[in-house]
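Enquirer: Got a predicted model here, sequence first, then my questions.
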Amino acid sequence: MGPTLAAAERPGGSFTYLPPIRHGDLFALDPRPGDQVLVIDGVYQHFAPIRHKEILAVLALGVRVAGTASLGALRAAELAGFGMRGLGHVYTAARCGELVADADVGVLHAADGDGGRRLTVATVAVRHAVAELTAAGGLSAAEGEQIRRVADSLHFTERSERALLHHAGPARPAMRRLLDHLAAHGDVKTQDARAALRLLEAEFAAETGAEPAAQWAAGASAGAVWGSSYGAEWAFERRPVRGGSAIGSRHALACLQLFEADFPERHLAYARRMAADAVGLPGGVGSGALLGAAGFAPATRPDARLARPTAATAHWSAEDRLLARTFRLRPGRLVYADLPPEALAGTGAAELEQWCLRLAAPAGGPPVPPVNWHALLRRLWGVRRPHEYRLAALERGFRDEAEAARLAASFNPALVALLTERAAA
């Protein structure tokens, strides 16, 4: 929730109000089947906006997702055929093609800490108010058209009330009437948000149990699974390591991948289990058989680059090294999409969370150049040559050494250096 409905205007009840939605926020909520989300405001210029596949992914889980008033109405119009529910006048206008761009509902607003106060007027608010006043005789058709042209000529970040009056020219009195109308009755976005909240609250109160919610969700998603490697990666990055945690599952896995001395062993166990499931072989089958079932030559040359030993894998077979370093989830981009039991190896989620917090980079500290992280990780993993460094990153489940350094940037380099010294000792 943001500028569409000020904090003082938000009804109570069973609602939890959150800041304007952005990419990843739905995954961070970690919603469950039958949960209900109403999308109203969202960011889209300085941050990545909520993506369609993110909404589709939670719909496929059985989460009820509706949109109204602002960016939520646009996304609902775009995804109406896939189970997202649209509510209100703005949604109807978007479905009819009257609104086609995020900027039609966009406004400049203060930061969330300042209540998200709206600083400009949305195009859709001007258009709807013009239609209302024209129908009631408060504006002539010519005045209404001139007001619309003025509003359309201003970027959404510049369309303040003062700017509208300044650019209105001879239509200034008519513009003043329109702004007074908005102040007295609220704009259409605010009206839609209030109506949607009232409707959803009434529907929630009418439900007698979980069954109606589950039926609604099943009908909305129609059993479809909207999967993609990018969606899986976004979900993994945003999903909390445990309920209510500020630590994401991907960050927690990186903590293990980077700093646990025996993580290559854990990764090999994970790769063997996942590969066996993928090719339909029983657990405990050797890496050579798994590679053969997947269409790869099981007898790898011992001197092949991907099969060469590192200090951590000198006791492995060439097939083990090849499997661990080349394993990918279908369709072939990701190595991990969750935090598997092999990675945890008995470590509890609460313990892992505390470890990640202790190793976290200090807030506001200067960024560490990637070249420095590469040097630290080479020392920590006990590798010297560039090709060995790449192999060490692969056998820890990273796609490459660049991913390892990128994820390491979330941690405190001074503490990592201390870990490196202890590993060397």
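Expert: Happy to help now that I have it.
Enquirer: Start and end of stretch 16-23, how far apart?
Expert: Counting by Cα to Cα, to the nearest Å, you get 19 Å between the two ends of stretch 16-23.
Enquirer: Then stretch 58-71?
Expert: One end of stretch 58-71 to the other measures 17 Å (Cα to Cα).
Enquirer: just how off-centre is stretch 30-40 within its chain?
Expert: Relative to its chain's centre, stretch 30-40 lies at 14 Å (Cα atoms, centre = their mean, to the nearest Å).
Enquirer: nope, stretch 282-294 is what I was after
Expert: That offset, for stretch 282-294, works out to 35 Å (Cα atoms, centre = their mean).
Enquirer: Same question for that stretch: list its buried residues.
Expert: Along stretch 282-294, these residues count as buried under the neighbour rule (16 or more other Cβ atoms under 10 Å): 287, 288, 290, 291, 292, 293. Heads up, the C-betas are built off the backbone N, CA and C, glycines and all.
Enquirer: in a helix, that's where the fourth one is, yeah?
Expert: So that's residue 291. Yes - Residue 291: assigned to a helix according to DSSP: H, G, I helix; E, B strand; the rest coil.
Enquirer: Just the pLDDT for it.
Expert: If you check residue 291, the pLDDT there is 88.
Enquirer: circling back to that earlier point, which one of the buried residues of stretch 282-294 sits closest to residue 277?
Expert: Of all those, residue 277 sits closest to residue 290, with 10.3 Å by Cβ to Cβ.
Enquirer: hang on, isn't the closest one packed against residue 275?
Expert: Yes - the criterion here is Cβ atoms under 8 Å, and residue 290 meets it with residue 275 at 4.4 Å.
Enquirer: hey, what's in contact with both of those two?
Expert: Applying Cβ atoms under 8 Å, 6 or more residues apart in numbering, one finds that residue 290 and residue 275 are jointly contacted by residue 323.
Enquirer: in stretch 85-98, what's buried?
Expert: For stretch 85-98, burial by neighbour count (16+ other Cβ under 10 Å) applies to 85, 86, 87, 88, 89, 90, 91, 93, 94, 95.
Enquirer: Got the domain ranges for this protein?
Expert: Recorded structural domains for the chain (assignment: automatic domain parsing) are 7-115+190-221, 123-186, 243-424.
Enquirer: and the nearest residue to residue 374 once chain neighbours are set aside, how many residues sit next to it?
Expert: For residue 374, the nearest residue in space outside its immediate sequence neighbours is residue 405; the separation is 5.4 Å by Cβ to Cβ, 6 or more residues apart in numbering. If you count neighbours by other Cβ atoms under 10 Å, residue 405 ends up with 22.
Enquirer: where does residue 338 fall, phi/psi-wise?
Expert: Geometry field for residue 338 lists phi and psi as phi -160, psi -180, criterion degrees, to the nearest 10.
Enquirer: Identify the spatial nearest neighbour of it, chain neighbours not counted.
Expert: Nearest residue to residue 338 in three dimensions, chain neighbours excluded: residue 236, at 6.3 Å (Cβ to Cβ, 6+ apart).
Enquirer: That neighbour is in contact with residue 250, isn't it?
Expert: Yes - with contacts counted by Cβ under 8 Å, residue 236 reaches residue 250, the gap being 4.8 Å.
Enquirer: higher neighbour count, the two?
Expert: Just comparing residue 236 and residue 250: by other Cβ under 10 Å the higher neighbour count belongs to residue 250, 22 against 19.
Enquirer: That one and residue 292, how far apart?
Expert: For residue 250, the distance to residue 292 (Cβ to Cβ, to the nearest Å) stands at 32 Å.
Enquirer: try residue 51
Expert: Using Cβ to Cβ, one gets 39 Å for the distance from residue 51 to residue 292.
Enquirer: Please apply the same query to residue 105.
Expert: In terms of Cβ to Cβ, residue 105 sits 56 Å off from residue 292.
Enquirer: thinking again about what came up before, from residue 370, how far out is the residue nearest to residue 374?
Expert: Separation of residue 405 from residue 370 (Cβ to Cβ) stands at 5 Å.
Enquirer: How many residues are close by residue 349?
Expert: Considering only other Cβ under 10 Å, residue 349 is surrounded by 17 other residues.
Enquirer: Which helix runs longest in this protein?
Expert: In the chain, ranked by residue count with DSSP state H as the criterion, the top helix is helix 188-206.
Enquirer: Identify the residues contacting that helix?
Expert: Contact with helix 188-206 is made by 4-5, 9-11, 13-15, 36, 38, 40, 66, 68-70, 73, 87-91, 105, 122, 124-125, 128-129, 185-186, as judged by Cβ under 8 Å, 6+ apart.
Enquirer: One more pass at 7 Å, please.
Expert: When contacts are taken as Cβ atoms under 7 Å, 6 or more residues apart in numbering, the neighbours of helix 188-206 outside the stretch itself are 4-5, 11, 13-15, 36, 38, 40, 66, 68-70, 87-90, 105, 122, 124-125, 128.
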